[in-house]
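Undergrad: structure for the following, please:
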Amino acid sequence: MPPDPPWHQLLPFTGGSSVAVEPFFQGLATASIRKTHPRMTHDGRTTHTASHPIQFRSARPTDGASLWHLIQATGTLELNSAYFYVLFATDFGRTCLVAEHDGEMIGAVIGYHPPQQARTAFVWQVGLRPEWRGRGLGVTLLERWIDLPANRDRYWVTATVADDNAASQALFHRFAERGGTECTVQPHFTADQFPVDHPSEPLYRIGPLHRAVMRSRPAELSA
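TA: Prediction:
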């Protein structure tokens, strides 16, 4: 596996990785969520035999408006223009994850591939509707996102996280822990780079990912 470029060549979006999930992560809530044994299809969709499953797939061009509404519904994420989400769903849909329940988008991971890093996937926003928080789904969203077909050749995950964003920090550390790998933190965006009052955003780098470990995990994801 070829090495990734050095740190100074990492060029993710400004604005940071925002996360709207539960603030404390305890893995999957196996006691309260019915166990199923999903299988990922070619487009990233998870199939279950249980009733009312959560399904995962890559984003489609028609998902832009729903992504905008989802991010707005979190109440904590920085909401960008509707055009941004339509554009991302259209041009970067293969590297974005959508989680649905009964036809409603309940969660998503918005990400892309940094052009100068052949083995890296960048997380830009992770969102989960408030009523679905507290079930340990934050890490699961990331695990299903990195296992999308478009991401399966990626062995590193990067994200920038604001110094005051404890939920995002916990999420990425937990994601690394569950994957049996490391999460390192390096200085990246400083407060003086932003045109408005904004905390610094260090760069989190998770990896290398152990694909066999991640794909062997069952998901307990039925409502």
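Undergrad: okay, CA-based contacts and neighbour counts for the rest of this
TA: Noted.
Undergrad: check which helices and strands the lengthiest helix in the chain sits against.
TA: Secondary structure of the chain per DSSP state H: the longest helix is helix 166-178. Other helices and strands packing on helix 166-178, by 3 or more Cα pairs under 8 Å, 6 or more residues apart in numbering; DSSP states H and E, are strand 18-20, helix 137-146, strand 182-189, strand 201-207.
Undergrad: so what's the gap between that helix and the chain middle?
TA: The chain centre lies 11 Å from the centre of helix 166-178; the measure is Cα atoms, centre = their mean, to the nearest Å.
Undergrad: check which residues of it are buried.
TA: Buried residues in helix 166-178, counted by 16 or more other Cα atoms under 10 Å: 167-169, 171-176, 178.
Undergrad: turn the helices and strands packed on helix 166-178 into a markdown table, including mean neighbour count, distance to residue 118 and mean pLDDT.
TA: Formatted as a markdown table, the helices and strands packed on helix 166-178 follow (neighbours: other Cα atoms under 10 Å; distance: least, Cα to Cα, whole Å; pLDDT from 0 to 100):
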| stretch | mean neighbour count | distance to residue 118 | mean pLDDT |
| --- | --- | --- | --- |
| strand 18-20 | 25 | 23 | 61 |
| helix 137-146 | 24 | 14 | 96 |
| strand 182-189 | 16 | 19 | 96 |
| strand 201-207 | 22 | 14 | 97 |
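Undergrad: can you list those in CSV and add distance to residue 126?
TA: Output for the helices and strands packed on helix 166-178, formatted as CSV (distance: least, Cα to Cα, whole Å):
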stretch, distance to residue 126
strand 18-20, 5
helix 137-146, 8
strand 182-189, 17
strand 201-207, 15
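Undergrad: ok, which of the ones you listed comes nearest residue 61?
TA: Taking Cα to Cα, helix 137-146 is the member of the helices and strands packed on helix 166-178 nearest to residue 61, at 17.2 Å.
Undergrad: any weak-confidence spans in the protein?
TA: Applying pLDDT under 70 to the chain flags the ranges 1-51, 212-223.
Undergrad: can you pull out the strands in it?
TA: 18-20, 39-40, 46-47, 54-58, 97-101, 104-112, 120-128, 156-160, 182-189, 201-207 (DSSP state E).
Undergrad: need those in JSON lines (columns: distance to residue 64).
TA: What follows is the strands of the chain, written out as JSON lines (distance: least, Cα to Cα, whole Å):
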{"stretch": "strand 18-20", "distance to residue 64": "18"}
{"stretch": "strand 39-40", "distance to residue 64": "23"}
{"stretch": "strand 46-47", "distance to residue 64": "21"}
{"stretch": "strand 54-58", "distance to residue 64": "12"}
{"stretch": "strand 97-101", "distance to residue 64": "11"}
{"stretch": "strand 104-112", "distance to residue 64": "11"}
{"stretch": "strand 120-128", "distance to residue 64": "14"}
{"stretch": "strand 156-160", "distance to residue 64": "22"}
{"stretch": "strand 182-189", "distance to residue 64": "28"}
{"stretch": "strand 201-207", "distance to residue 64": "26"}
